[in-house]
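Student: Give the three-dimensional model of this entry:
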Amino acid sequence: MVIVNDALLLEFAKETLEIEINEAQRMLDRLDESIVFACHILLNCTGKVAVSGIGKSGHIGKKIAASLASTGTPAFFVHPAEALHGDLGMIGAKDVVIFISYSGRACEIITLMPFLVESGIPVVAFTGDISSPLAKGATCVLNIKIKREACPMQLVPTSSAVNTLMMGDALTMALMRYRGFSLEQFARSHPGGRLGAQLLNCVHHLMRTGEHISKVFGGVTVMDAMFELSRTGLGLTAVCDNHIRVIGVFTDGDLRRWIVKGKSLDDPIDIAMTKPGYSIPKEWRASVALKALYRRKIAAAPVVDKVGKLVGSINIHDLHQATTE
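Tutor: Below is the predicted model of the structure:
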């Protein structure tokens, strides 16, 4: 069994974070108008942003491209080696290229530069060497220089990788906030996630329809409404006029109170129902409808169109499931 020195492991971990934080702080201190220039280039881009890097820079580049794309700046990642063998055709004259190379001397990237310059395609460089070939050939340079990697051998990209990622986030967030990119716009690029469900699902997407709608018409008896409550199990039935407009609701609670008072089940529903009751517009976002039901401490409601016509039924469980998964 290997004897592990826990204190030493903790010391190594803390030292790594201290080095990376210090290097990140230095980058913050020297952040200047170059990032503003980069933002101008990307804001004026009428095509897409192609992000490229090799090795660890490539992995970070994929994340930066994904962040840009999901926050209002259309972007994609292209591997520089693949670009040299045909994928350069993915980049058009209206695009902008972000090259990531800490040394600024990655041969694949340097080989690509003349083709981009010849085509008049702007290049934003992320590099730690502002005197490198990449920096000299780029339209704009974002300096990610460090004094020290957290790796004791100064080989594994650690501090430099963190600085690259942070610079990418700084650029992405600056663009997103300047554009006024909204929460709903963000959700539209994340339709499968929780946020997408909360902001994109409307009541009409989730409501029960057809034979699953719980309804009776005015003039029927309380017993008829009780049978309808039992049939659907929704805990509520809408009471409608002859034009299927909702004029009231009758709930399990209303039924219990009616019976406790000794009232007859043969009485008309019109005197037993809750008037006008609470209905939910079908256009509402699911999250808004869920909050409304919670606020009123009710478990279900009929769903209506703009003229108050019954089009569905929904309960709190339907909404909660759709907005939390």
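
Student: which stretches of this structure form strands?
Tutor: For the chain, the strands defined by DSSP state E cover 49-53, 75-77, 96-100, 123-127, 140-143, 215-217, 236-240, 246-251, 280-281, 300-304, 310-315.

Student: need those in CSV with distance to N5 and mean pLDDT, can you?
Tutor: Where C-beta positions appear, they are placed from N, C-alpha and C, glycine not excepted. Putting the strands of the chain into CSV (distance: least, CB to CB, whole Å; pLDDT from 0 to 100) gives the following:
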stretch, distance to N5, mean pLDDT
strand 49-53, 37, 97
strand 75-77, 41, 96
strand 96-100, 37, 97
strand 123-127, 38, 97
strand 140-143, 39, 97
strand 215-217, 72, 92
strand 236-240, 64, 92
strand 246-251, 66, 91
strand 280-281, 62, 90
strand 300-304, 60, 91
strand 310-315, 57, 90
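
Student: With distance to N163 added, can I get those strands in CSV?
Tutor: Listed next are those as CSV, based on distance: least, CB to CB, whole Å:
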stretch, distance to N163
strand 49-53, 13
strand 75-77, 19
strand 96-100, 11
strand 123-127, 9
strand 140-143, 9
strand 215-217, 62
strand 236-240, 58
strand 246-251, 60
strand 280-281, 50
strand 300-304, 52
strand 310-315, 50
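
Student: And for K275, the neighbour number?
Tutor: By other CB atoms under 10 Å, the residues close to K275 number 10.

Student: Around the residue nearest to it when sequence neighbours are not counted, count how many other residues there are.
Tutor: The shortest distance from K275 to any residue other than its chain neighbours is 4.5 Å, reached at G248 (CB to CB, 6 or more residues apart in numbering). G248 has 22 neighbours, counted by other CB under 10 Å.

Student: residues in contact with G248?
Tutor: Going by CB atoms under 8 Å, 6 or more residues apart in numbering, G248 touches 218, 238-239, 269-270, 273-277.

Student: ok, of these, which come out buried?
Tutor: Among these, the ones that count as buried by 16 or more other CB atoms under 10 Å are 238-239, 269, 273, 277.

Student: Need the max-distance pair from the residues you listed.
Tutor: Largest separation among those by CB to CB: I269 and G277, giving 11.9 Å.

Student: shared neighbours, the two?
Tutor: By CB under 8 Å, 6+ apart, the residues touching both I269 and G277 are 239, 248.

Student: hang on, the earlier thing: TSV for the buried ones among the contacts of G248, including distance to K94?
Tutor: Shown next, in TSV, are these (distance: CB to CB, whole Å):
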residue	distance to K94
A238	55
V239	60
I269	65
M273	62
G277	56
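
Student: Closest to L206 out of those residues?
Tutor: Set against L206, the nearest of those by CB to CB is A238 (16.8 Å).

Student: Please name the bridge partners of the residue nearest to that closest one when sequence neighbours are not counted.
Tutor: Excluding its sequence neighbours, the residue lying closest to A238 (CB to CB, 6+ apart) is P302, at 3.8 Å. Beta-bridge pairing of P302 under DSSP bridges involves S313.

Student: if I read this right, P302 contacts V249, doesn't it?
Tutor: Yes: with contact defined as CB atoms under 8 Å, P302 reaches V249; the gap is 6.5 Å.

Student: the more surrounded of those two?
Tutor: The residue with more neighbours, out of P302 and V249, is P302; 27 against 24, by other CB under 10 Å.

Student: Just list the residues touching that one, thanks.
Tutor: Residues near P302 by CB under 8 Å, 6+ apart: 213-215, 236, 238, 246, 249, 277, 279-280, 310, 312-313.

Student: go with 7 Å
Tutor: By CB atoms under 7 Å, 6 or more residues apart in numbering, the contact list for P302 reads 238, 246, 249, 279, 310, 313.

Student: which of these lies closest to P122?
Tutor: For the contacts of P302, the closest approach to P122 (CB to CB) belongs to S279, at 54.7 Å.

Student: The closest one: how many residues sit nearby?
Tutor: For S279, the neighbour count with other CB under 10 Å is 18.

Student: Sweet, I'm off.
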